[in-house]
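# The following comprises the amino acid sequence and a computationally predicted model.
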Amino acid sequence: MKNIILISGLLLTAGFLFTKNKVKNVIADYESIFKQLKIKLAGIKNLNISNGQLTARVTLNITNPTTTNLGLDTNSYVTLKKLLFYTESGKYIGEALPNISNIQLPAQQTITSPEIPVIVPLNNNAINVGFELLTNSKNLQVKAEIEAFNTTYTI
């Protein structure tokens with residue numbers, strides 16, 4: 001009886017250690033992919049100014065330059081939480097909160113996101129920001145915050 005309990009305990013411990021190591025490797029793989037993703041603004045539609053804010057819908061080109069597919073329903077373990085928009089010179093414009101968790105990024109390919117609503121509060125800089133959006137939108141900088149396994153990555 002003692003041998004059965006001892007063997008069962010050893011098997012459970014080995015299974016736990018194997019699973020823990022496997023999860024650690026998966027997280028490391030995701031981290032490596034996230035650090036290499038490229039995000040560019042693909043387009044801006046429905047630009048509107050009302051109620052003290054500028055609203056628009058943007059699409060993004062997201063490129064996975066790695067040889068690893070990031071193509072799975074992540075069950076909210078990996079979520080695109082926030083997009084931050086900056087002018088070409090680095091001035092903060094606004095943000096979007098897409099909260100997308102079904103991320104499909106094939107290896108060495110670029111995908112275009114669905115339209116994401118953006119709200120920019122208008123302040124003293126409104127004229128400059130509006131002019132930048134209308135005339136130079138292709139050069140806007142986009143940073144994304146991706147939350148994976150309770151860790152936030154900015155790319």
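Here it is on my side, so go on. Residues are numbered from 1 along each chain as shown.

# Skipping adjacent residues, who's closest to residue 43 in space?
In this structure, residue 43 finds its nearest non-sequential neighbour in residue 59, 4.8 Å apart by C-beta to C-beta, 6 or more residues apart in numbering. No exception for glycine: its C-beta is placed from N, CA and C like everyone else's.

# Name every sheet partner of the one helix or strand that neighbour maps to and say whether each one runs parallel or antiparallel.
Residue 59 is part of strand 53-64, with elements assigned from DSSP states H and E. Strand 53-64 pairs in its sheet with strand 38-50 (antiparallel), strand 109-112 (antiparallel), strand 116-121 (antiparallel), by DSSP bridges.

# who's in contact with the residue lying closest to residue 114 once chain neighbours are set aside?
Leaving out its chain neighbours, the residue that sits closest to residue 114 by C-beta to C-beta, 6+ apart is residue 59, at 7.3 Å. Residue 59 sits next to 41-43, 45, 112-116 when contact means C-beta atoms under 8 Å, 6 or more residues apart in numbering.

# rewinding a little: from residue 83, how far off is the residue nearest to residue 43?
11 Å (C-beta to C-beta, to the nearest Å).

# How much space separates the residue nearest to residue 118 when sequence neighbours are not counted from residue 144?
Among residues not flanking residue 118 along the chain, residue 96 sits closest, at 4.4 Å (C-beta to C-beta, 6+ apart). If you measure residue 96 against residue 144 using C-beta to C-beta, the figure is 10 Å.

# Overlap in contacts, these two.
Common contact partners of residue 96 and residue 144 (C-beta under 8 Å, 6+ apart): 82-83.

# low pLDDT regions in this structure?
1-27, 71-77, 124-138, 149 (pLDDT under 70).

# one more time with 90
1-64, 66-107, 109, 111-155 (pLDDT under 90).

# And the strands in it, which stretches?
38-50, 53-64, 70-71, 78-86, 92-96, 104-105, 109-112, 116-121, 141-148, 151-154 (DSSP state E).

# No further queries at this time; thank you.
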